[in-house]
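S.K.: sequence first, predicted model second:
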Amino acid sequence: MWLMKTLLTSGCTNQRGAGQAEIEENEGRLIINNIPDAVYFKGRDLLIFKNLATISSIFKGIDVLYKEATEEQVNTFLGESFIGLSTDYDIEKVSKPNRKRIALAMDTLAEMSAGDRNEMLLYINDYCAEKLKYDGEGNKFEISSEEELKYLLYGIEQRFYTTRFGNEKRLANSILKL
């Protein structure tokens, strides 16, 4: 409300209808709507929105975070040499959240050398030996559920770490490059 009052009293806006203000300079616009395009809750570090296309111009790069892998990309990923699917798990069972994780993981894998990929498999097995079945001779993880796929994808994104003090193994639920 303060922004709208400031814009209206500054004389730099054109009024459009009841309760809307608009700034137009060099084709750039600020439109204030009754319903926001996105809301960020700082205390919870949570962003909610209805339309990704609308907020992509506000939050540069957000579309990469929410990109969902296509059917072809999911097939390609599940066909990777280090993945073995059980007979009761296939592409039809891959959830939307895991499709988004697959899109990110494929970008990560594309930049990895063959040596790094082998190290990645050992890293994932170190952290997920109780959650994933790993065949060390064939360098393959057997995936038979959404949960197992999720842990494999977390491993590709290197979300597992060990605390320096206490030596506790943990999973990072979000990351920020430093």
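M.R.: Noted; the coordinates are in hand. Numbering: from 1, shown residues only.

S.K.: which non-adjacent residue is nearest Glu68?
M.R.: Once flanking residues are discounted, Glu68 sits nearest to Arg99: 4.7 Å by CB to CB, 6 or more residues apart in numbering. Every C-beta, even on glycine, is put in place using the N, C-alpha and C of the backbone.

S.K.: burial count for the one you found?
M.R.: Neighbour count of Arg99, defined by other CB atoms under 10 Å: 18.

S.K.: which secondary structure element contains it?
M.R.: Using DSSP states H and E, Arg99 sits in helix 96-110.

S.K.: how about that helix: buried residues?
M.R.: Residues of helix 96-110 classed as buried: Asn98, Arg99, Lys100, Arg101, Ile102, Ala103, Leu104, Ala105, Met106, Leu109 (neighbour count, 16 or more other CB atoms under 10 Å).

S.K.: next up, the contacts around the first one.
M.R.: When you say that, I think you mean Asn98. If a contact means CB atoms under 8 Å, 6 or more residues apart in numbering, then Asn98 has Glu146, Leu149, Lys150, Leu153 as its contacts.

S.K.: pLDDT and distance to Phe41 for these - can I get that in JSON lines?
M.R.: Output for those, formatted as JSON lines (pLDDT from 0 to 100; distance: CB to CB, whole Å):
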{"residue": "Glu146", "pLDDT": "97", "distance to Phe41": "27"}
{"residue": "Leu149", "pLDDT": "98", "distance to Phe41": "29"}
{"residue": "Lys150", "pLDDT": "97", "distance to Phe41": "25"}
{"residue": "Leu153", "pLDDT": "97", "distance to Phe41": "26"}
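
S.K.: select only the buried ones of the residues you listed in PyMOL?
M.R.: Buried residues among these (16+ other CB under 10 Å), as a PyMOL selection:
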select buried, resi 149+150+153
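
S.K.: for this structure, which segments count as helices?
M.R.: 2-10, 52-56, 62-65, 71-78, 96-110, 114-128, 146-156 (DSSP state H).
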